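Student: sequence unknown, structure follows:
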């Protein structure tokens, strides 16, 4: 049976939500993110994009490009609420749903043509329903796989829809910039441009072996995507509720510095796991078990984040406030909960460009050499027991 894969993406999601609550922003160049000169753009309206503004750009540069832009700090609680509303609408109607991020979904509607109605018509009606129920504009692409559907969605934006007929995938992708292929980052793009590769068609014409020699395994994957080949399944949607980790000491302790250092190491490792899973958390829980086996937990809400320094400050604050008994501790644990899917851009509301670059560099090292490859100077690696719910 011929596959039918839909990619749904909310248009300028953060900006669209802000426009629902403040009609004065509609049609204006709006920028969501850090408002200081050291801040970073998390999202922007199409009106701002016309001036060259884009996500991950330093706010200072965005102000220079678009001096009359309206800056909004951002409200992740509000964005998460609307994201959940959209997901609920989709899940009630689609057979298989994958929530790829806070603002995009993949659907597998294979076979729907035979049993219900044409998949393009069905998705069109779903798109209209989402907009009617939430007030949010949304675009979609429909094809035989996830890669082509995602590219089609981006070509259909804003507030549009596009179907790529089976057998026309290569023709559709061919004239596009290599920037359009999902997974091509700045480094890969620069390398390919230096080789004279600008259009997807050039990659299509290259031997797959050459792409493998130049870019290794990622080159083989890129060649397949450029040729419209992608057999990856739509993973059924399930929202992970929390991530946690704990450690039991070989010998019960009251050594404050040792306890703090273990907590620092735990936060660093768990926050990295959050970012690797493309999650952000809004709740922090500290667990302390004493030598008499009495166990206490302490919880605090925070703005949605996956940033080490924000999570660590809250954990240490909870520890300082609540560890007053000064008796031997047997176990400490940390849990991050109220998780939502989200890009790293969500942390841009408060983080500076320097912090974001630091996290990206640290995560790159950890992905290559392991989670303990780089730690804070004070952090002592602990034998962590990880729990995911």
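Tutor: Cool, the structure landed. Predicted model, so just to flag it, every value in this text is computed and none were measured.
Student: okay, now residue 282: neighbour count?
Tutor: 17 (other Cβ atoms under 10 Å). For every residue, glycine as well, the C-beta is placed using N, CA and C.
Student: in space, what's closest to it - neighbours in sequence excluded?
Tutor: Nearest non-adjacent residue to residue 282, counting by Cβ to Cβ, 6 or more residues apart in numbering: residue 338, 3.9 Å away.
Student: for the stretch 201-350 of the chain, which segments are assigned as strands?
Tutor: With DSSP state E, counting those that start in this stretch as the criterion, the stretch 201-350 of the chain has strands at 242-253, 279-290, 295-305, 329-337, 340-341.
Student: and residue 172, which of those is closest to it?
Tutor: strand 340-341 (27.8 Å; Cβ to Cβ).
Student: look up how far residue 203 lies from the residue nearest to residue 273 when sequence neighbours are not counted.
Tutor: Closest residue to residue 273 apart from its sequence neighbours, by Cβ to Cβ, 6+ apart: residue 243 at 5.9 Å. Remark: distance between residue 243 and residue 203 (Cβ to Cβ, to the nearest Å) = 37 Å.
Student: which residues of the stretch 101-250 of the chain score low on pLDDT?
Tutor: 115-117, 237-239 (pLDDT under 70).
Student: the stretch 151-300 of the chain: helices as residue ranges?
Tutor: 169-173, 186-194, 200-205, 208-215, 217-226, 256-276 (DSSP state H, counting those that start in this stretch).
Student: other SSEs contacting the fourth one?
Tutor: Translated: helix 208-215. When contacts are defined as 3 or more Cβ pairs under 8 Å, 6 or more residues apart in numbering; DSSP states H and E, helix 208-215 sits against helix 186-194, helix 217-226.
Student: got the buried residues for the first one?
Tutor: Think helix 186-194. Using 16 or more other Cβ atoms under 10 Å as the test for burial, helix 186-194 gives 188, 189, 192.
Student: closest to residue 234 out of those residues?
Tutor: residue 188 (25.2 Å).
Student: OK, contacts around the closest residue to that closest one other than its chain neighbours?
Tutor: Nearest non-adjacent residue to residue 188, counting by Cβ to Cβ, 6+ apart: residue 215, 6.7 Å away. Residue 215 makes contact with 188, 191, 222 under the criterion Cβ atoms under 8 Å, 6 or more residues apart in numbering.
Student: measure the first one to residue 211 for me?
Tutor: Per Cβ to Cβ, residue 188 is found 11 Å from residue 211.
Student: hang on, the earlier thing: adding distance to residue 128, write the strands of the stretch 201-350 of the chain out as JSON lines.
Tutor: Listed next are the strands of the stretch 201-350 of the chain as JSON lines, based on distance: least, Cβ to Cβ, whole Å:
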{"stretch": "strand 242-253", "distance to residue 128": "35"}
{"stretch": "strand 279-290", "distance to residue 128": "30"}
{"stretch": "strand 295-305", "distance to residue 128": "29"}
{"stretch": "strand 329-337", "distance to residue 128": "35"}
{"stretch": "strand 340-341", "distance to residue 128": "24"}
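Student: which stretch among these comes nearest residue 163?
Tutor: Judging the strands of the stretch 201-350 of the chain by Cβ to Cβ, what sits closest to residue 163 is strand 340-341, at 26.1 Å.
Student: how about residues contacting the closest one?
Tutor: 76, 80, 83, 99-102, 239, 278-280, 282, 304.
Student: show the buried residues in those residues.
Tutor: 76, 80, 83, 99, 100, 101, 102, 278, 279, 280, 282, 304.
Student: residue 10 is nearest to which of the strands of the stretch 201-350 of the chain?
Tutor: strand 340-341 (12.7 Å).
Student: now do the closest one: distance to the chain's middle.
Tutor: 7 Å (Cα atoms, centre = their mean, to the nearest Å).
Student: partner strands of it, with direction?
Tutor: Strand 340-341 has its sheet partners listed here by DSSP bridges as strand 279-290 (antiparallel).
Student: average pLDDT across the partner strand?
Tutor: In this model, strand 279-290 carries a mean pLDDT of 91.
Student: the strands in the stretch 1-150 of the chain, which residues?
Tutor: Using DSSP E, counting those that start in this stretch, strands in the stretch 1-150 of the chain cover 5-10, 30-33, 41-44, 70-72, 96-101, 104-108, 138-143.
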